[in-house]
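> below are the sequence and a predicted model; questions follow.
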Amino acid sequence: MTELQARAVAKAYGHTPALRGVTLDVAEGEIVAVTGPSGCGKSTLLHCLAGILRPDAGEVSWNGQRIDTWSEAARSKLRRTEFGVLFQFGQLVAELTAAENVALPLLLAGTGRREARTAAVSWLDRLGVADLADTRPGEMSGGQQQRCAMARALVTEPRVLFADEPTGALDTLAGEQVLTRLVRLAREQGTAVVLVTHEPRIAAYADREVVLRDGVVDDTGLGLDAPLTGGQR
Ligand SMILES: Nc1ncnc2c1ncn2[C@@H]1O[C@H](COP(=O)(O)OP(=O)(O)OP(=O)(O)O)[C@@H](O)[C@H]1O
């Protein structure tokens, strides 16, 4: 069943068009990689799908309901409940321990402290960093921080996780290890993932790859192997 739909989504920053009519469906539990050259609109599309940005034209729907017309408060609530968002730099709160960081979305949703802590430690364990529960981000490696950020993005068991180059700050091997774990955990709990990445290797973990080029979906079927006429890969 299609849960998330973008219809002819367009978005410009001033006179710079970023998206020029993108149509895309994400089914329940589907893992979709969004790839394409730098500047082709990947992050903008992710932000529009997640309700962070409002498109200038077109529609974004979730479970058959149009969400791009919702208020900022309603879209923000959706991101705290049914959606999860993960960026390249995990953006952990420096003053909080790993467990406190991961528990935060649950506490904001009204879960009790003890229950939130238990769930946080369990997710840290699933990401392989339970031993860091009482450690602050400043004392962790980049990969460890990113695992904690992933635990925090998954602890609410979102229906869709939006991840923008989530391992971009890690070296290839560390990035791939963290990502395979993320994909496995998402599959286990039926979370759909929209994953923005530059890396064709990483896109291989997805069920489907959507290639953007100059703000539109490239459906030539040539993907990233197509010769480029401009821009960088
Ligand atoms: N805040 C902004 N203000 C102005 N222009 C922007 C802004 N964000 C993005 N753009 C422009 O919109 C276009 C699409 O940017 P976007 O970040 O969505 O691409 P991307 O494919 O994610 O790029 P990258 O792979 O380099 O991260 C680019 O031309 C970019 O320069």
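Cool, got the structure. Note that the structure is a prediction, hence the values are computed from the model and not measured. Residues are numbered from 1 along each chain as shown.
> wait, residue 216 touches residue 22, no?
Yes. Contact criterion CB atoms under 8 Å: residue 216 and residue 22 qualify, at 6.5 Å. C-beta coordinates here come from the backbone N, C-alpha and C atoms, glycine included.
> spatially, what comes nearest to residue 42 if we skip its sequence neighbours?
Using CB to CB, 6 or more residues apart in numbering and skipping the chain neighbours, the partner closest in space to residue 42 is residue 196 (4.5 Å).
> which residues does that neighbour contact?
33-35, 42-43, 45-46, 163-165 (CB atoms under 8 Å, 6 or more residues apart in numbering).
> report the rounded mean pLDDT for stretch 217-230.
What stretch 217-230 shows for mean pLDDT is 59.
> whoops, I mixed them up, stretch 144-158
92.
> CA atoms of it as CSV?
Listed next in CSV are the C-alpha coordinates belonging to stretch 144-158 (Å, rounded to 0.1, in the frame of the first residue of the first chain):
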residue,chain,number,x,y,z
GLN,A,144,29.3,6.0,17.8
GLN,A,145,27.5,9.4,17.7
GLN,A,146,25.8,8.4,14.5
ARG,A,147,24.6,5.1,16.0
CYS,A,148,23.2,7.0,18.9
ALA,A,149,21.5,9.4,16.5
MET,A,150,20.0,6.4,14.7
ALA,A,151,18.8,4.9,17.9
ARG,A,152,17.1,8.3,18.7
ALA,A,153,15.5,8.4,15.2
LEU,A,154,14.1,4.8,15.6
VAL,A,155,13.1,4.8,19.3
THR,A,156,9.6,6.2,18.5
GLU,A,157,9.2,3.3,16.0
PRO,A,158,8.3,5.7,13.2
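> buried residues in it?
Residues 144-156, 158 are the ones in stretch 144-158 that count as buried (16 or more other CB atoms under 10 Å).
> can you tell me how far residue 191 is from residue 156?
Applying CB to CB, to the nearest Å, the value for residue 191 to residue 156 is 10 Å.
> how about low-confidence regions in this protein?
1-2, 90, 169-170, 221-233 (pLDDT under 70).
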